[in-house]
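> Give the three-dimensional model of this entry:
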Amino acid sequence: MSATVKTALLVQALGVSRGTVLERAKREGWPAVRQSGGLRWVEYRLPPDVRLALASAVSPAEAPDPVPAGTAYVRATEKERTATTFRGILITEWKQSGLRKEDFIAAYNAEATDRLVFKELGAVSPRTFYRWVRDFSQRGLDGITPRYSAASGGAGESLTDTEKALLERFWLKDTRPTMRHALRLLKQNYPGSACTYQTARRYLQSLPPALVDYRREGRTAFTNKHQPFMDQNIWQYKSLDVVVSDHHCLDCVAMYRGKLVRPWITTMQDYRSGKVLGWCPSVAPSSLSIIVAYYLAVIQYGIPRKLIFDNGRDYRSELLNGKTAIAAVTTPEGWDEEEEVHIQGLFALIGSEVSFTLPYNGKSKGRQERYYGTLKENFSKEIGSFVGGDTREKPEDAQLYYRNINGMAKRNDVPSWETVVSALGP
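Residues are numbered from 1 along each chain as shown. Okay, here's the model as predicted:
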């Protein structure tokens, strides 16, 4: 609600002299308009203590009549509400002047431009003022509220909250219905709706892409598109700033103690240069293979500042990351108490910070995944026992490698474990 108040009301509410009120108003720059009978102060722009005094002291009969405000005024920005206030003040001045609209606007535009209303509104044409008076008489403050921030065009401006909620409910589903199907369901469940296909389409397209992908495409698509784990600009890092690590199962088989196995390799790769700093082959990867790869990286190149791992059980082991435990301690007074203590893990003791990637998100360690692709192309396919990375790459005789199980067949061309480890490099 917007209104102006007389100086006499301020004197009464504050309990001070008129001169004191005018002196403070000049010192603090209270907004005011000049009307017949003296200055009138814009109430909502007065200091909080003054407005509180007015609310406590002014009786309903003396209080200024509020001008009703509706939805447009409530949704308006502070700048738009200020413009609305001064438009209402100008209309009120015209009503009190007794002049015709043309004469009043001519006198307003001819006055000195240091008036507060003129500074806010500037020159006003008779045609614009006619429109303001008409809209104010029909809709109150809503009629003269500017909508500088209102979006141009549709995007669901004509839809009710119920229609919007139903459209979202019927369209944002993992079955990925079409917009026309969602509109059809809206009509069935809300018979009074006048929503057209164009309006529904504009509104649904205005929804946040992250919300649409999460509800329609699923969590994985949402994560890959809208939640990258780390900035992929490698030039912002220095060597050993970030080191990534993971286990990888090689796409070949080897003979280990009379059994066919698929070797695993655990690597520590510098994110900046892409160089593999340390590695450890194993039959079954564990926290021990991680320690070996980390040890080789540290003694050859230095301590990494930050380590990035996936969410595997091996990488989250207490041996590597430490744990919190409850220990029994004895106070100086001889009392036994339980105290929570943190036991540091290996990485903290050496001096590397640990961070974990999003689950099942290979993009988080993109350079290392590409390295594993290079390893398959240049090692697994050349070792002589390639079994394929997936069903499309699987050789026709790959199943023959496993027929020696239970004595069904024997093959002498399968490389030994020592051959595979030696071929990986020193």
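> Where does the prediction get shaky in the stretch 51-200 of the chain?
Scanning the stretch 51-200 of the chain for pLDDT under 70 picks out 52, 54-76, 112-115, 147-157.
> ok, which stretches of it are helices?
71-75, 78-97, 101-110, 116-121, 126-139, 161-171, 179-189, 197-205 (DSSP state H, counting those that start in this stretch).
> I'd like those helices laid out as CSV, including distance to residue 235 and mean neighbour count.
Placement of C-beta: from N, CA and C, glycine included. Formatted as CSV, the helices of the stretch 51-200 of the chain follow (distance: least, Cβ to Cβ, whole Å; neighbours: other Cβ atoms under 10 Å):
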stretch, distance to residue 235, mean neighbour count
helix 71-75, 45, 15
helix 78-97, 42, 18
helix 101-110, 60, 14
helix 116-121, 51, 16
helix 126-139, 56, 14
helix 161-171, 41, 18
helix 179-189, 42, 16
helix 197-205, 36, 17
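> how about the strands in the chain?
Under the criterion DSSP state E, strands of the chain are mapped to 4-6, 32-35, 38-42, 242-249, 254-256, 259-261, 264-270, 276-282, 306-309, 323-330, 336-343, 353-356.
> Tell me how far the closest residue to residue 242 other than its chain neighbours lies from residue 295.
What sits nearest to residue 242 in space, not counting adjacent residues and going by Cβ to Cβ, 6 or more residues apart in numbering, is residue 271, at 3.9 Å. To residue 295, residue 271 is 19 Å away according to Cβ to Cβ, to the nearest Å.
> Would you confirm that residue 297 contacts residue 266?
No: in this structure, residue 297 is not within contact of residue 266 by Cβ atoms under 8 Å, at 10.9 Å.
> related to what we said a few turns ago, tell me both backbone torsions, phi and psi, for the residue nearest to residue 242.
Residue 271 adopts backbone torsions of phi -70, psi -30, taken as degrees, to the nearest 10.
> Please name the residues that touch it.
234, 237, 241, 242, 243, 244, 308, 367 (Cβ atoms under 8 Å, 6 or more residues apart in numbering).
> Using TSV, lay out those together with distance to residue 317, neighbour count and pLDDT.
As requested, the contacts of residue 271 are exported to TSV (distance: Cβ to Cβ, whole Å; neighbours: other Cβ atoms under 10 Å; pLDDT from 0 to 100):
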residue	distance to residue 317	neighbour count	pLDDT
234	29	15	75
237	27	17	82
241	24	14	90
242	21	21	89
243	18	28	91
244	18	25	91
308	16	23	87
367	25	15	75
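> from the chain's centre, how far out does stretch 159-171 sit?
Here stretch 159-171 is found 23 Å from its chain centre; the criterion is Cα atoms, centre = their mean, to the nearest Å.
> what does stretch 98-115 give?
So, by Cα atoms, centre = their mean, the centroid of stretch 98-115 is 50 Å from its chain's centroid.
> With distance to residue 215 as new columns, can the helices of the stretch 51-200 of the chain be given to me in JSON lines?
Output for the helices of the stretch 51-200 of the chain, formatted as JSON lines (distance: least, Cβ to Cβ, whole Å):
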{"stretch": "helix 71-75", "distance to residue 215": "26"}
{"stretch": "helix 78-97", "distance to residue 215": "33"}
{"stretch": "helix 101-110", "distance to residue 215": "54"}
{"stretch": "helix 116-121", "distance to residue 215": "45"}
{"stretch": "helix 126-139", "distance to residue 215": "38"}
{"stretch": "helix 161-171", "distance to residue 215": "8"}
{"stretch": "helix 179-189", "distance to residue 215": "12"}
{"stretch": "helix 197-205", "distance to residue 215": "11"}
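> Quick one: closest of these to residue 339.
helix 161-171 (51.7 Å; Cβ to Cβ).
> Quick one: list the elements packing against that closest one.
helix 179-189, helix 197-205 (3 or more Cβ pairs under 8 Å, 6 or more residues apart in numbering; DSSP states H and E).
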